[in-house]
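A.B. asks: Quick one, fold the following:
(one chain, ligands or ions: 1)
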Amino acid sequence: MNTVLAELTDDGRGALSFRGSRYLLVRPETLVGLQKAVEAALGGRADACLVAGGRAGGGSALRALEGAAEQVVARLLKMGGEIGWGEFALERLAPGALVVTVKNSPIAHAYGPAVGPVCHLTRGVLERLAELALAGPAVVTEIACAATGAPLCRFEARRA
Ligand SMILES: [Zn+2]
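C.D. replies: Below you'll find the predicted structure:
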């Protein structure tokens, strides 16, 4: 069951909310259009901007979740799928290690073929999750991306 869709409320004045947090339905090509424009303007510095956006949204989502790290990780990954960010799966959670895979990334799909990973927004969200799961500053790397022809996107977190 998709909890987010089941509990999504429409106030009739242009605001959709889930458990008190506002949500925005947006087409992947809107985000990817922004991403490509930022990449054209900033080149290699664009990634960090997109990660910052992902971190902001991920931080808000995590503040709304409670429980032990394992529970929060499971809940956020489930929620990722429920809000259409792809099919998230936990590959590994151990002291100092968090590995997450995403099948059917809407970002990779909308971006089209690329020479390197493109799911920087997702990477930012997972970076905030990793900071919680690994109990400290963390850096996430997308080590495989569907946009480059990989079967799925894979994100590896380590303590910064
Ligand atoms: Zn990807």
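A.B. asks: how about the residues of the chain near the ion?
C.D. replies: Residues of the chain lying close to the ion (C-beta under 5 Å from the ion) are 105, 108, 119, 145, 153. Backbone N, C-alpha and C define where each C-beta goes, glycine included.
A.B. asks: What are the boundaries of the helices in this protein?
C.D. replies: Secondary structure of the chain (DSSP state H): helices located at 3-7, 28-42, 46-63, 69-82, 106-111, 120-133.
A.B. asks: Now the first one: buried residues?
C.D. replies: The neighbour-count check on helix 3-7 (16 or more other C-beta atoms under 10 Å) flags V4 as buried.
A.B. asks: same question, stretch 25-35
C.D. replies: Counting neighbours by 16+ other C-beta under 10 Å, stretch 25-35 gives 28, 31-32, 34-35 as buried.
A.B. asks: contacting residues around the nearest residue to T3 once chain neighbours are set aside?
C.D. replies: Closest residue to T3 apart from its sequence neighbours, by C-beta to C-beta, 6 or more residues apart in numbering: E82 at 6.3 Å. Listed by C-beta atoms under 8 Å, 6 or more residues apart in numbering, the contact set of E82 reads 2-5.
A.B. asks: I'd guessed G54 sits against R123; true?
C.D. replies: Yes. Contact criterion C-beta atoms under 8 Å: G54 and R123 qualify, at 6.1 Å.
A.B. asks: neighbour count winner among these two?
C.D. replies: R123 (27 against 21; other C-beta atoms under 10 Å).
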